[in-house]
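# sequence first, predicted model second:
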Amino acid sequence: MTALRPVPGEVRVPRTRPAGELIPPDAAPLERWPSLGWATAGRRASFALAAAVPLAFLGLFFVWPVVAMLVRGLTDAAGALDLAGVADVLAKPRTWRVVTTTVVQALAGTAVAVVLGVPGAYVLYRRRFPGRTLVRGLVTVPFVLPSVVVGVAFRALLGPGGPLGGLGLDGTFAAIVCALVFFNYAVVVRTVGGFWSRLDPRAEEAARALGASPARVLRTVTLPALVPAIASAAALVFLFCTTAFGVVMVLGSREHATIETEIYTRTTQLLDLRTAAVLSVLQMLVVAAALLVSARARTARERALALHAEPRGERPLTWRSRTDVLATTVTGLVVVGLLAWPMATLVARSFRTTDGTWTLDAYRRLAEAGPGTGLTVTVWQATLTSLTTAAVAATIAVVVGGLVSFVVSRRPRSRAGRRSLAVLDAVVMLPLGVSAVIVGFGLLVTMTRPVLGVDLRTTGWLLPVAQALVAVPVVVRLLLPVLRAVDPRQHEAAATLGAPPGRVVRTVDLPLVTRPLGLAIGFAFAASLGEFGATSFLARPDAPTLPVVIVRLLGRPGTENLGTAMAAATVLALVTAAVMLLAERLRGDTAGEL
Amino acid sequence: MTTDHPTETTMTTPAPGGLAVRDLVVTYAPDARGAAPVRAVDRVSLDVARGEILALLGPSGCGKSSLLRAVAGLEPLADGSVTWDGTDLARTPVHERGFGLMFQDGQLFAHRDVAGNVAYGLEGRTTVDGRRAPRRTRTETTARVDELLDVVGLTGYGRRAVATLSGGERQRVALARSLAPRPRLLLLDEPLSALDRELRERLAVDLRAALLTTGTTAVFVTHDQDEAFTVADRVAVMRAGRFAQVGTPAQLWAEPATWEVASFLGYEARLDVDGSALALAPGALRVVGAGSAPGAGPQFRGTVRAVHVRRGVAEATVDVVSVGRVTVVVGPPALAPVPGSELDLRLDLGRTAPLPA
């Protein structure tokens, strides 16, 4: 889905077995527990409830709407599967052009992000230098920025009147790829970097001692060890590129239509649900392929044994090493040229008119609504709507995502139990791979009846619910690794000290989760704030969110509206940055990797 | 292995109080599909009287930890029962058993300081065996924490962060934490194995002292016979999921039930004489000559294979015909024989134990 930002940096350290015993601690005893006392029964009931809430949420607000949309698009009037219609869509050259554009764009974005990101991971996670924390933070900013803001920033840079306006890159394939890399650079840097920093340096030292040159060590020892992490990051980047919506909407013209934007055009402008449904299925297939690769890489990654829980082998950056100089140059160019420049241009242009005079006019217009702007509300009102909606959405996402993480992190003894947890884990990730536009439109057509006595459409609950769907996978990816990393013997130690199950969760798991929980709230808030795909359908015309207003302004003629859009995008970027900053604070003083 | 000595595989005397384990079985699902399930603990019975310290001694993978975890309620029983004072604990969840468990690596809570860790079992309402314990006041908790830190020799460490402690200090904190709620039974899972030798030997003595001071009934798992003999009143030697022999350290050392037990306890060679067998401890064969009384005991001739100095005393590894490879204490390093030379040896019966035929 569109506004979802990747959550990189998750590195699973293989669980160690307690020494001295042949039998692995997670081997499941065959027999059932001999008895089912009341305490156990109560525990099972609360466990089932914890699993049921997220499942019901996803079933009602995600699976049902998506299935309803697909059924509408793929069946004829009689309700039978309309294979002829499907074949019809598949026979259209435009369908395949759109699919090809999507895949090529995503592949290009992924390749560039990896090529630039690996040196970045080296400099930021394997070398020490003053200000490294700051640069790490700077690199992270892009992936929490709303896609619409990024689109506007790149237009500010590449469009007419921009510093690079003369290159004629505006609206080209290259511009879109640049923007995709801008978003996903941090995914590669943090995923690969987190893994790299935990890689045992002694294998490299052994190779050096055997007479290998630094280049040969890199080629024969380090890169092969990193392959799983790189593959995993690449699959994630590919996934995000495939489903990118806001960026492509803002930057791309019709010739660069991707599956996601084409679904949007088909549903909203042409009411061609059949094509939309077919495209949606094609998109799911592409995403499924990417996830499959990702899962494989992940398994391989967990097999990689030479990992340490603590970062090791960090050295100060030195100008004597050719590798260091090269990697630092590349990273510096990326950080300044690709990450900082578009954002700086956006901010600068929001303060200037086309003839170059500095002015606050654009910001004054943020308080204006009217026929000239095509807006029914002021930008400030939209900001308020965005904030309140995102707050509700983040709350829902943290509750649902927290429950999912808790349930999935348990280690049931039965094979069936473990398998159902794996399924739940996968289901929660589904919103990543399904068109946000389909979800938004699906919610609109299915939520026609009140849920639990509340009419979600008229009361405005539908929008935060849809945004929460996007944020749940983020929350789960942040909380789950932490909960999974808790040694089960910590729970056992607490239990043998007399702590009932509830107290074990409260005193063992919760204190460890508070740190990522703050971050998860921030990410969920940022993801909701920037969500555009589903929001474009569900925001009520009288209460649009900030991204919707920005896109509306961009669609209006006139340089004044463009300036206002840039000012509004700056505001959105600042609000997002403020939220993330606050979340970093919530994280407490014991800073971790993410 | 154990079938020859059925009387020693189980301890069937009914205990007046304390822990009683009967015919306990713990199984694990096999790693591969279709493989036979693994029986980690195979029909073991065991009694531990109140105030007694029992060691479960055995090599890695013999099932001793599984047995301990089953008693704690952390592993489901495939068969058999665990009772305390005659009450079956099958329906009692882990946190209501009143059994403490100390792990090999301590498993301290990193987000709590030393005092916070020790106080963990004192906070909140604890239920033992269906009876709810009254909530402790803050003063009571603090006093108990200080008392326990005294017992383990860490007076004044309360505010220290767990991460700043050494390995030995961590295990002391873990011990204090386990003892604080006054468990009716303390289970210790290789509590000293992660430490280096010198520290381990010192802590073993401290551990026994702490258990005696607090009057704690304990079951102690270890693979180190010296540790078991130092800490425990009684030792159960475990092999392949069963008890090979149970007895006091002196009994085990004097009368090992089988050659296997003897070799696990540290006997290094077996000598068959006139239909009976002897287990030879290191040093059971002595060099004939300087400083040894002549006469008594059979004599042997052996070839020196290697010589090494341990704590200032030379020891020779000697191959003796019909006995095998043994360690012979030679004396000052200056007197050490050359490898390849031959030694006349005499048996010191005080360093041997009879083996059942």
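Now that the structure is in, tell me what you want to look at.
# count the neighbours of the residue lying closest to residue B:273 once chain neighbours are set aside for me.
Leaving aside its sequence neighbours, residue B:273 sits nearest to residue B:298 (Cβ to Cβ, 6 or more residues apart in numbering or on different chains; 7.4 Å). Quick note: C-beta positions are derived from backbone N, CA and C, even for glycine. For residue B:298, the neighbour count with other Cβ atoms under 10 Å in any protein chain shown is 10.
# what's near enough to touch residue B:298?
B:273, B:346-347 (Cβ atoms under 8 Å, 6 or more residues apart in numbering or on different chains).
# restrict the residues you listed to the buried ones and give me that as a ChimeraX selection.
Here is the ChimeraX command that picks out the buried ones among the contacts of residue B:298, judged by 16 or more other Cβ atoms under 10 Å in any protein chain shown:
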select /B:346,347
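# re earlier: report pLDDT for the residue nearest to residue B:273.
What the model reports for residue B:298 is a pLDDT of 74.
# flag the shaky bits of the stretch 251-357 of chain B, pLDDT-wise.
Applying pLDDT under 70 to the stretch 251-357 of chain B picks out residues B:289-297, B:357.
# which residues of it fall in strands?
For the stretch 251-357 of chain B, the strands defined by DSSP state E, counting those that start in this stretch cover B:269-273, B:276-280, B:285-287, B:299-310, B:313-320, B:324-331, B:342-347, B:352-355.
# quick one: closest of those to residue A:158.
strand B:299-310 (77.0 Å; Cβ to Cβ).
# list the neighbouring strands of the closest one plus their orientation.
strand B:313-320 (antiparallel), strand B:342-347 (antiparallel) (DSSP bridges).
# of those strands, which is nearest residue A:245?
Short answer: strand B:313-320, nearest of those by Cβ to Cβ, at 76.1 Å.
# can you give me how far that closest one is from the chain middle?
28 Å (Cα atoms, centre = their mean, to the nearest Å).
# sorry, back to before: next, work out how far apart the residue nearest to residue B:273 and residue B:318 are.
Distance, residue B:298 to residue B:318, by Cβ to Cβ, to the nearest Å: 16 Å.
# ok, the residue lying closest to residue B:124 once chain neighbours are set aside to residue A:510 distance?
By the measure of Cβ to Cβ, 6+ apart, the closest residue to residue B:124 outside its immediate chain neighbours is residue A:503, 5.3 Å from it. The gap separating residue A:503 from residue A:510 is 10 Å, by Cβ to Cβ.
# what does residue A:412 give?
Distance from residue A:412 to residue A:510, by Cβ to Cβ: 21 Å.
# just residue A:324 next, same as before
42 Å.
# give me the more crowded residue out of residue A:503 and residue A:510.
residue A:503 (19 against 13).
# is that one in a helix, a strand, or coil?
helix (DSSP: H, G, I helix; E, B strand; the rest coil).
# and the pLDDT at residue 213?
As the question left the chain open, I've gone with chain A. 80.
# my bad, chain B
On the pLDDT scale, residue B:213 gets 87.
# show me what contacts the closest residue to it other than its chain neighbours?
Leaving aside its sequence neighbours, residue B:213 sits nearest to residue B:151 (Cβ to Cβ, 6+ apart; 5.9 Å). When contacts are counted by Cβ under 8 Å, 6+ apart, residue B:151 touches B:176, B:179, B:210, B:213-214.
# again with residue A:119
Residue A:119 neighbours (Cβ under 8 Å, 6+ apart): A:326-327, A:330-331.
# could you flag which of the residues you listed are buried?
A:327, A:330-331.
# show me how chain A divides into domains.
Each domain of chain A is listed here as a residue range: A:1-10+A:45-72+A:363-588, A:83-349, per automatic domain parsing.
# circling back: now render the contacts of residue B:151 as JSON lines, adding secondary structure and neighbour count.
Shown next, in JSON lines, are the contacts of residue B:151 (DSSP: H, G, I helix; E, B strand; the rest coil; neighbours: other Cβ atoms under 10 Å in any protein chain shown):
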{"residue": "B:176", "secondary structure": "helix", "neighbour count": "27"}
{"residue": "B:179", "secondary structure": "helix", "neighbour count": "25"}
{"residue": "B:210", "secondary structure": "helix", "neighbour count": "21"}
{"residue": "B:213", "secondary structure": "helix", "neighbour count": "12"}
{"residue": "B:214", "secondary structure": "helix", "neighbour count": "17"}
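# hey, where'd the helices end up in the stretch 101-250 of chain B?
For the stretch 101-250 of chain B, the helices defined by DSSP state H, counting those that start in this stretch cover B:114-119, B:138-151, B:167-179, B:197-214, B:225-231, B:249-254.
# now the stretch 151-300 of chain A
Taking DSSP H, counting those that start in this stretch as the criterion, the stretch 151-300 of chain A carries its helices at A:173-197, A:202-209, A:214-217, A:223-242, A:246-251, A:259-264, A:273-303.
# reformat these as CSV; add distance to chain B.
Shown next, in CSV, are the helices of the stretch 151-300 of chain A (distance: least, Cβ to the nearest Cβ, whole Å):
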stretch, distance to chain B
helix A:173-197, 19
helix A:202-209, 22
helix A:214-217, 33
helix A:223-242, 23
helix A:246-251, 39
helix A:259-264, 40
helix A:273-303, 16
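# can you lay out the ones you listed as TSV showing distance to residue B:137?
Below are those laid out as TSV (distance: least, Cβ to Cβ, whole Å):
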stretch	distance to residue B:137
helix A:173-197	46
helix A:202-209	52
helix A:214-217	62
helix A:223-242	52
helix A:246-251	59
helix A:259-264	62
helix A:273-303	48
